[in-house]
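Enquirer: One predicted model, sequence on top.
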Amino acid sequence: MSSLNSPEIDWKNLSFGYLPTDYNVRCRFHNGKWGEIEVSQSDSINIHMAATCLHYGQEIFEGLKAFMGKDGKIRIFRLDENARRIRESAKGILMEPVPEELFKEMVKKVVELNKRFVPPYGSGASLYIRPIELGMTAQVGVKPASDYLFMIFVTPVGPYFKEGFKPTNICIMRDFDRVAPKGTGRWKVGGNYAASLDAGEKAHELGYSAVLYLDPREKKYVDECGPANFFAIKNGKYITPASESILPSVTNKSLMELARDLGIEVEARQIPVEELSEIQEAGACGTAAVASPVAEIDDLDTGKKYIVSTNGEAGPITTTLYNKLRSIQLGEEEDVHGWNTIVE
Ligand code: PLP
Ligand code: COI
């Protein structure tokens, strides 16, 4: 753990990695109730080797960000949405849902405690907040735990895709699914990411930034990317997949609201893969990915290449939406929807 007053971090060149910060916060569910919030300086946890999170995947997480604003105030983006979503994930795999108020209090506390790690305004970086919940009960039978640990760490991050806001290529690989049709895709469950590692690594080796998954039932419709939702611009409309096997992205929801504010029509519906030949812009959107533009989508099984952008730049609507989102997060533009929570 660092004990300097201002950390010596090259803020402008941060990657999306883990850097130690001063504190994390923890809370335990035991004997049917949540305990007191603990502040810890250790980045390790002590865990029983028979804990359900280790054997049976009782692990869920969240991802949100805090930004240093133009006015020197720290803003946490859409805290309420993540507080709600982690409860849905918990219910999905029979974990104890963290009360929304506890979630919010702990997020604010961990940001406050690590203020000096919030990247400066203008650096392009942000403080990534990673809440995690683990099933802690030691048992060998396949059943839900009765004890849980909820903890949150933060770490300063730069862009998720190293290209930043430059278009990258993504690919479709029909031999892989990250989730089942009525499975855990709508929840932020660690196992979904384990299931995406093989395809993700193969895609990276081939030079793609991400895999674009098709719906796991029919392989007919676009679903989402490994770490982000997918959106496209078709004849001036914002289109994005509606699917029961994708994570309901807070960023996508925000981009849809911003698009509507700008008078752009929004369609959340099934997108047949062939429709990708009719789009003019595309992007991967998420807390980590923000709105990362896509240049080309290659279907590795059919050999079909959907060329979206050839000039190495993001399209005009993606750029407008990205800038609008950023300026709200950075306090440059009025937060008309009340999305930011200010940490004093
Ligand atoms: N889809 C998946 C699979 C993700 O891991 C993420 C990241 O959280 C997203 C979509 C984007 O969601 P959000 O915008 O809430 O971060
Ligand atoms: C996020 O965008 O917060 C994510 O969780 C995506 C990825 C880093 C898993």
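Expert: Sure thing, it's come through. Residues are numbered from 1 along each chain as shown. Ligands and ions are numbered 1, 2, ... in the order given.
Enquirer: helix or strand for residue 334, which one?
Expert: Assigned by DSSP states H and E, residue 334 belongs to no helix or strand.
Enquirer: Against ligand 1, how distant is it?
Expert: Computed as Cβ to the nearest ligand atom, to the nearest Å, the residue 334 to ligand 1 distance reads 22 Å. Backbone N, C-alpha and C define where each C-beta goes, glycine included.
Enquirer: Kindly report the same for residue 174.
Expert: Using Cβ to the nearest ligand atom, residue 174 is found at 18 Å from ligand 1.
Enquirer: again, but for residue 192
Expert: 7 Å.
Enquirer: Three-state assignment for that residue, please.
Expert: Residue 192 falls in the helix class when you classify it by DSSP: H, G, I helix; E, B strand; the rest coil.
Enquirer: Grab the most central residue of this protein for me.
Expert: Computing the C-alpha centroid of the chain and ranking residues by Cα atoms, centre = their mean puts residue 287 first, at 4.2 Å.
Enquirer: Give me the phi and psi for that residue.
Expert: Taking degrees, to the nearest 10, you get phi -60, psi -50 for the backbone angles of residue 287.
Enquirer: ditto for residue 56
Expert: phi -120, psi 20.
Enquirer: Check residue 316 too.
Expert: The phi/psi pair for residue 316 (degrees, to the nearest 10) is phi -60, psi -40.
Enquirer: Next up, the contacts around the residue lying closest to it once chain neighbours are set aside.
Expert: In this structure, residue 316 finds its nearest non-sequential neighbour in residue 281, 7.7 Å apart by Cβ to Cβ, 6 or more residues apart in numbering. The neighbourhood of residue 281, defined by Cβ atoms under 8 Å, 6 or more residues apart in numbering, consists of 232, 233, 293, 308, 309, 314, 315, 316, 317, 318.
Enquirer: just residue 224 next, same as before
Expert: Counting by Cβ under 8 Å, 6+ apart, residue 224 touches 212, 213, 230, 241, 243, 246, 247, 249.
Enquirer: Validate this expectation: it resides in a helix.
Expert: No - counting by three-state DSSP, residue 224 is located in no helix; its state is strand.
Enquirer: quick one: it from residue 74, how far?
Expert: 30 Å (Cβ to Cβ, to the nearest Å).
Enquirer: ok, now residue 230?
Expert: Going from residue 230 to residue 74 by Cβ to Cβ gives 30 Å.
Enquirer: Compare those two (neighbour count), which wins?
Expert: residue 230 (28 against 20; other Cβ atoms under 10 Å).
Enquirer: Let me know whether the more buried one touches residue 276 as I believe.
Expert: No - with contact defined as Cβ atoms under 8 Å, residue 230 and residue 276 do not form a contacting pair (9.7 Å).
Enquirer: Could you check how far the closest residue to residue 268 other than its chain neighbours is from residue 88?
Expert: Closest residue to residue 268 apart from its sequence neighbours, by Cβ to Cβ, 6+ apart: residue 242 at 4.5 Å. Distance, residue 242 to residue 88, by Cβ to Cβ: 17 Å.
Enquirer: Can you pull the residues of the chain lying near ligand 1?
Expert: Contact residues (Cβ under 6 Å from any ligand atom) of the chain with ligand 1: 63, 224, 227, 228, 229, 247, 249, 250, 251, 252, 286, 287.
Enquirer: Quick check on the fourth one: phi, psi?
Expert: This means residue 228. Main-chain dihedrals, residue 228, degrees, to the nearest 10: phi -160, psi 160.
Enquirer: That one and ligand 2, how far apart?
Expert: 7 Å.
Enquirer: Which positions in stretch 281-290 come out as buried?
Expert: Residues of stretch 281-290 classed as buried: 281, 282, 283, 284, 285, 286, 287, 288, 289, 290 (neighbour count, 16 or more other Cβ atoms under 10 Å).
Enquirer: With stretch 255-266 instead?
Expert: 255, 256, 258, 259, 264, 266.
Enquirer: Keep only those of the residues you listed that are in strands.
Expert: Here DSSP state E is the test, and the buried residues of stretch 255-266 give residue 266 as lying in strands.
Enquirer: Pull the contacting residues for the nearest residue to residue 288 once chain neighbours are set aside.
Expert: Leaving aside its sequence neighbours, residue 288 sits nearest to residue 160 (Cβ to Cβ, 6+ apart; 3.9 Å). Contacts for residue 160 were tallied using Cβ under 8 Å, 6+ apart; they are 16, 227, 228, 286, 288, 289, 290, 292.
Enquirer: ok so, going back, out of the buried residues of stretch 255-266, which are inside helices?
Expert: 255, 256, 258, 259 (DSSP state H).
Enquirer: Which residue lies closest in space to the last one, excluding its sequence neighbours?
Expert: The one in question is residue 259. Computed as Cβ to Cβ, 6+ apart, the closest residue to residue 259 that is not its neighbour in sequence is residue 238, at 4.3 Å.
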